[in-house]
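[1] kindly return the folded structure for what I paste below:
(4 chains)
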Number of protein chains: 2
Amino acid sequence: MAETSDFKAEPPEGIDALGASSEGASLYQLIREDIIEGRLAANERLVVTDLARRHGTSTNPVREALQLLRGEGFVTFVPNRGARVRPIDQDFVRDIYEIGVLIEPALTRWFVNMATVEDIAELERIQGLIEENNFADTLRHSELDTAFHTVMYQRHYNRHAAELWWKHREVLRAVSRRFNFTLARRAAILREHRELIAHVKAGNADEAAELIARHVEGSGRHVLEHMRARNAARAG
Amino acid sequence: MAETSDFKAEPPEGIDALGASSEGASLYQLIREDIIEGRLAANERLVVTDLARRHGTSTNPVREALQLLRGEGFVTFVPNRGARVRPIDQDFVRDIYEIGVLIEPALTRWFVNMATVEDIAELERIQGLIEENNFADTLRHSELDTAFHTVMYQRHYNRHAAELWWKHREVLRAVSRRFNFTLARRAAILREHRELIAHVKAGNADEAAELIARHVEGSGRHVLEHMRARNAARAG
DNA sequence: ACGCGATAAATCGTACATTGTTTATGGGGA
DNA sequence: TCCCCATAAACAATGTACGATTTATCGCGT
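    Numbering: from 1, shown residues only, chains lettered A, B, ... in the order given. Next up, the predicted model:
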């Protein structure tokens, strides 16, 4: 294990932080953040010359960044009409958390069978920090929570699945940053994490997997409820 | 339903055939095929100027195509050192078919609960063609088999999951194109398809889901065995 | 009010400059 | 003679600039 000393929520190792161009904090990352964080509205046009001006580059890097984002599914293209922001709406979130419900249990099952003493210690350490923070700093909670699950999925042999999880995680993290956790959800998170650690210690792969399914499901529902509420408020 | 009259294995509706640039058969598609079909060796360098010359364009379209492929995971990038072909090796195939085993049962379960009379008729029609062809034309079999499953997943509400399935499917299809079906596998495919139709008719969602899991698992194993055999032959 | 043509704007392709990387070469030392 | 390293030249990625073609916008005439 070694690091994870302080938490910046890094991707599982081996997953290239894609955006490595040369631009200090690559255009790709900047535009991507703007989309995920909601600074760029859903379906908004992404005009190459504008973006280039805004980021102080020429058009070519922008064009490439947009293609990259297209490949990852964050922007849509229509030939000769350019790019638009793919809306990160309720459907989008529902889709990816449902996929999580299917995938994460499998990753967890593997982890339970492969977990070392150090792994478990690391989980408990992070869980300690989570409880210490106790949702006071929600951003910190988000980072810690991500780290918690990263410990479990980091070394899974199925890099595709881990990568998929990480991509989805980033989206959910950004979306949920705009909401607060309900009391019920806070309690559930702490309880489920503790329970999960217990299952890992006991080597109960099946129980752990089932628990994670509920955990992800609950998390997804929570986010969706918030989105629904906000949309309702905005509309009515 | 309507079409599916003759089989060209088209993506589930709503999934943009990404590659729509302007180039007749977009660079993206061409390079992608070359990778999937194995015409470009694993880890081979993708030199922009070469590709541009080869396809008779300037470098910019190539650069954009490569970024798109990067986003989709078919090429890897190292800053200032360009792109390489991501190897479609046994690990790659194992990863994606394992994800299939997790996702497809869920898609199937939904389909069983939503299937119309027309859907079932369509499945039976395609199954008829599959049995009629009886693996004589393996390419045709591949197309038909894809169509069979597309009927089931086409209208699923989770577009992400459907898209993911399609992407993986395309890879597996290309890889397995180089192999022949063993007799055992042929028998299993026909049997499982028939059994599946029966489950759909009876509305047995759980049984259908479980069957699909086995079906995908078997298909994956089959492909992997072939790859292993070929690699062994090549090495030893 | 409704098409229709001119004008503006943006995409897409080409050509070029710059910067970083890789490879070839040659000289000095053991 | 052979190895090692510095140095230079070839090469390729990345960024800039521009022209061509398509699409969108707006005002005019009927």
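[2] how about the strands in chain A?
    Secondary structure of chain A by DSSP state E: the strands cover A:45-46, A:75-78, A:82-85.
[3] quickly note the distance from the spatially most central residue of chain A to A:Ala202.
    Centre of chain A computed as the mean C-alpha position; nearest residue by Cα atoms, centre = their mean is A:Arg169, 1.7 Å away. Between A:Arg169 and A:Ala202 the computed distance is 26 Å (Cβ to Cβ, to the nearest Å). C-beta coordinates here come from the backbone N, C-alpha and C atoms, glycine included.
[4] again, but for A:Gly236
    As for A:Gly236, its distance to A:Ala202 is 49 Å (criterion: Cβ to Cβ).
[5] hmm, A:Val85 and A:Ile35 touching each other?
    Yes. Contact status for A:Ile35 versus A:Val85: in contact at 5.4 Å, counting by Cβ atoms under 8 Å.
[6] and for the two, which residues touch both?
    Common contact partners of A:Ile35 and A:Val85 (Cβ atoms under 8 Å, 6 or more residues apart in numbering or on different chains): A:74-75.
[7] got the buried residues for the lengthiest helix in chain A?
    Ranked by number of residues, the top helix in chain A under DSSP state H is helix A:205-235. Neighbour-count burial for helix A:205-235, counted by 16 or more other Cβ atoms under 10 Å in any protein chain shown, picks out A:205, A:207-209, A:211-213, A:215-216, A:218-220, A:222-224, A:226-227.
[8] repeat for stretch A:77-87
    Judged by neighbour count using 16+ other Cβ under 10 Å, the buried positions of stretch A:77-87 are A:77, A:83-86.
[9] enumerate the residues of chain A near DNA strand C.
    A:45-50, A:59-60, A:77, A:79-83 (Cβ under 7 Å from any atom of the strand).
[10] mind putting the residues you listed into TSV with distance to B:Tyr153 and pLDDT?
    Shown next, in TSV, are these (distance: Cβ to Cβ, whole Å; pLDDT from 0 to 100):
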residue	distance to B:Tyr153	pLDDT
A:Arg45	31	97
A:Leu46	30	98
A:Val47	35	98
A:Val48	35	97
A:Thr49	40	97
A:Asp50	38	97
A:Thr59	38	97
A:Asn60	38	97
A:Phe77	24	96
A:Pro79	26	95
A:Asn80	31	94
A:Arg81	29	95
A:Gly82	30	95
A:Ala83	27	97
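[11] want to throw these into TSV with distance to A:Gly100?
    Converted to TSV, those look like this (distance: Cβ to Cβ, whole Å):
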residue	distance to A:Gly100
A:Arg45	31
A:Leu46	28
A:Val47	34
A:Val48	34
A:Thr49	38
A:Asp50	34
A:Thr59	37
A:Asn60	36
A:Phe77	27
A:Pro79	33
A:Asn80	36
A:Arg81	33
A:Gly82	32
A:Ala83	27
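[12] quick one on the thing from earlier: neighbour-wise, which of A:Gly236 and A:Ala202 wins?
    In this view A:Gly236 and A:Ala202 are compared by other Cβ atoms under 10 Å in any protein chain shown, and A:Ala202 has more residues nearby, 11 against 5.
[13] quick one: the more buried one and A:Ala115, what's the gap?
    Taking Cβ to Cβ as the criterion, A:Ala202 is separated from A:Ala115 by 11 Å.
[14] re the thing from before, between the strands of chain A, which one is nearest to chain B?
    With Cβ to the nearest Cβ, the closest approach to chain B among the strands of chain A belongs to strand A:75-78: 6.9 Å.
[15] elements contacting the closest one?
    On a contact count with 3 or more Cβ pairs under 8 Å, 6 or more residues apart in numbering or on different chains; DSSP states H and E, strand A:75-78 meets helix A:59-72, strand A:82-85.
[16] so what's the gap between the longest one and the chain middle?
    When you say that, I think you mean helix A:59-72. Helix A:59-72 has its C-alpha centroid displaced from the chain centroid by 21 Å (Cα atoms, centre = their mean, to the nearest Å).
[17] circling back: for chain B, find the nearest of the helices and strands packed on strand A:75-78.
    Nearest to chain B among the helices and strands packed on strand A:75-78 is helix A:59-72 (1.9 Å), distances taken as Cβ to the nearest Cβ.
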